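J.: predicted structure and sequence below. I'll ask about it afterward.
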Number of protein chains: 2
Amino acid sequence: MDFSEALEKIREDERFKKAKVVAIQLPEGLKRKVGEISEKLWDKDLIFLGDPFWGACDIPTGGNWDLLIQFGHSEIPNLGKLERIMYVELQEEMKFEIECDRIPFSSLILTSNVTYSSKLPSIKEKLEKCGKEVILKKGDSRVFYPGQILGCNISAARGEGQNVLFIGEGVFHPLGIALGLTNKKVISFNPRNGEYTDMEHFKRKFLNQRYNAIDLASRAKMFGIIVSTKIGQTRFSMASTANRIIKQSGKKSFLVSMDLIREEELINFPADVYVNTACPRVTIEDYQTFSKPVITFYELQMSLGLVDKSKYILDEIIMTDEIGSTGVRKRD
Amino acid sequence: MDFSEALEKIREDERFKKAKVVAIQLPEGLKRKVGEISEKLWDKDLIFLGDPFWGACDIPTGGNWDLLIQFGHSEIPNLGKLERIMYVELQEEMKFEIECDRIPFSSLILTSNVTYSSKLPSIKEKLEKCGKEVILKKGDSRVFYPGQILGCNISAARGEGQNVLFIGEGVFHPLGIALGLTNKKVISFNPRNGEYTDMEHFKRKFLNQRYNAIDLASRAKMFGIIVSTKIGQTRFSMASTANRIIKQSGKKSFLVSMDLIREEELINFPADVYVNTACPRVTIEDYQTFSKPVITFYELQMSLGLVDKSKYILDEIIMTDEIGSTGVRKRD
């Protein structure tokens, strides 16, 4: 579905027809489409939301609009039905072919980011024709499509099988799989440049970074515990648990509630280390942008000696507080 | 009142006694006090709010806390009584003396930022002893103290009299007075370094900047109109009026709703010029940080030829939408 087809489809939606004021969230790459959107959706009062956002976990809950249209991301099912929200995914129409002989696996679990989710059934078919055994299955209730991986959820890559193939751009999603499932081999295929990447090197590099952070945290005296104000990233119970176990270890801590997590807001707080219970991606991908070590809840447990350090545990968001979970994931 | 006295006073407040979860907003300079606050207010569940904030106009309205304590700013009366908010102003205890012969005015209107509001009556007395005629009066319903100036409100400096003395640090507040009341002479006294500054030079420099922006805007074809999501900065009616008058002039425009107004969020939107209806300080003080011209509502009217350009009109926030105003100020 291209962009102008997407706008046509929006016009036909009953929720759009009923709305008077419509808010629109655009990823950076689509912000230039404001003129086209304004023309096509001319009969509504439009407000473009200018704050940065990272997906369906990041939806403003207030706002004087009747309908919010979020472009470029898929629904997160376990946030519950949000009647005022419409997701327009804009899946990738680009043509590409997987080369079977570049995938050194005879059996594999097939995954992708949301952009390529609709392509996975045909990729599965092609790989099977090459004689490979392919598992394509939906993860837990935070993901929408079979095989779909989020920056904070790799559940679709779990299960039987030693090998994972990821389709999509960027390092973060397949790195998450490699860090979360250290016993599996992970290969990433980027349809945009045709490159195949073995994640082993990245896994080692980031595990080094993480164990270094855990080591620094084990010597820290004052911890800042970050809780997100974003609807799909709030894990207050996890933060409270962190607060309790730090104090039980004879150390000090305080809670910091934030929307955007940035060095310039943290720099004047007196923590030696931050425990980030918001988006796990911030902890790992933005690690170098912070002057103090930032660790996950699971890394905190390791640093306090409460769990075995030898098996690395990836931070994933399974459920958030909005829907009544403790936000703490059971170990595999 | 020093910081530890302020904490004692908080403990005695009935709202504090009743609260279970207490949120705390600290200006950058006080973030290091987290440990002391945590010790003194040990019997409550504390959450420190990490998002940047600029005063009583910038209060989170959601949040699972019973009480929010904002340090370093005074109440904005016309936002209405917000029961869950406590303001702790921490006025400056520093000793300083005004030197009468450094003030070349025989009569003047006396003003300050909130930090020095409590000092104004004694400063008035001293200046009167030197034979000067001093007017000290409260502005409109957005300010709390006699003589108090906000970054968005200079009403306390209005009225009879050709001269204004401002007490406080920084250029922005007295610059606002000079730009808003171009027929008055403004001198600023900074108690911290003892310096007296005639605002004439700054006024000329910034008027040049503003008329340059107005000129650029008069040739623009596509306008982005920024509306704030902050409770004390939302002027939606002003933004709607801007939208209407731009379209009536045969140009294009769209509304952008934002919390933090930063170049990195605006850069991909396709506007030639932005009309900022949020904090007026952003338009003027942050002007150089944006790649596109940012103008006020009044500058927009000038650029469209709807009002006389020869008399500059400062953007001030008198009332915000929350309390039912159009947000558009009448001309002096």
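T.: Now that the structure is in, tell me what you want to look at. From a predicted model like this one, the values you see are computed outputs, not experimental measurements.

J.: measure the residue located most distally from the centre of chain A to B:Lys203 for me?
T.: Residue farthest from the centre of chain A, counting by CA atoms, centre = their mean, is A:Asp43 at 34.5 Å. Distance, A:Asp43 to B:Lys203, by CB to CB, to the nearest Å: 46 Å. (Glycine included, C-beta is placed from N, CA and C.)

J.: next, the contact list for the residue of the stretch 51-200 of chain A found nearest chain B, please.
T.: In the stretch 51-200 of chain A, the residue that lies nearest chain B is A:Asp51 (5.3 Å; CB to the nearest CB). For A:Asp51, the contacting residues are A:60, B:229, B:257-260, B:265, by CB atoms under 8 Å, 6 or more residues apart in numbering or on different chains.

J.: same question, A:Tyr145
T.: Contacts were defined as CB under 8 Å, 6+ apart; by that measure A:Tyr145 touches A:74, A:114, A:117-118, A:120, A:138.

J.: cutoff 10 Å now
T.: A:74-75, A:89, A:91, A:112-114, A:116-118, A:120, A:136, A:138-139, A:156 (CB atoms under 10 Å, 6 or more residues apart in numbering or on different chains).

J.: now do A:Lys33
T.: A:3-4, A:7, A:24, A:26, A:40, A:71, B:268-270.

J.: what does A:Ile10 give?
T.: A:16-17, A:22, A:24, A:37, A:40-41, A:44, A:67, A:69, A:71, A:86, A:88.

J.: overlap between those and the residues near chain B?
T.: Of the residues in these, proximity to chain B by CB under 10 Å from any CB of the partner chain holds for A:24, A:37.

J.: quick check: the farthest pair among the contacts of A:Ile10?
T.: A:Lys17 and A:Phe71 (18.9 Å; CB to CB).

J.: so between the two, which is more surrounded?
T.: Legend: neighbour count by other CB atoms under 10 Å in any protein chain shown for A:Lys17 and A:Phe71, higher for A:Phe71 (21 against 12).

J.: now do the phi/psi pair for that one.
T.: Main-chain dihedrals, A:Phe71, degrees, to the nearest 10: phi -90, psi 140.

J.: grab the nearest non-local neighbour of it.
T.: Nearest-residue entry for A:Phe71: A:Val88, 4.9 Å, with adjacent residues in sequence omitted and distances by CB to CB, 6 or more residues apart in numbering or on different chains.

J.: wait, that neighbour sits on A:Gly72?
T.: Yes. Under the contact definition of CB atoms under 10 Å, A:Val88 touches A:Gly72, with a separation of 7.5 Å.

J.: give me the common contacts of these two.
T.: A:25-26, A:30.

J.: longest helix of chain A?
T.: Counting by DSSP state H, the longest helix found in chain A is helix A:200-218.

J.: for A:Asn208, see how far away A:Leu216 is.
T.: 13 Å.

J.: and these two? which has more neighbours close in?
T.: A:Leu216 (15 against 10).

J.: find me the pLDDT at the more buried one, would you?
T.: In the predicted model, A:Leu216 carries a pLDDT score of 97.

J.: distance check, it against chain B.
T.: A:Leu216 sits 20 Å away from chain B, going by CB to the nearest CB, to the nearest Å.

J.: tell me, how many residues neighbour the residue nearest to A:Phe71?
T.: The local packing of A:Val88 (other CB under 10 Å) involves 21 other residues.

J.: can you report phi and psi for it?
T.: phi -120, psi 110.

J.: from the contacts of A:Ile10, list the buried ones, please.
T.: For the contacts of A:Ile10, burial is judged from neighbour counts taken by 16 or more other CB atoms under 10 Å in any protein chain shown, and it is met by A:16, A:22, A:24, A:37, A:40-41, A:44, A:67, A:69, A:71, A:86, A:88.
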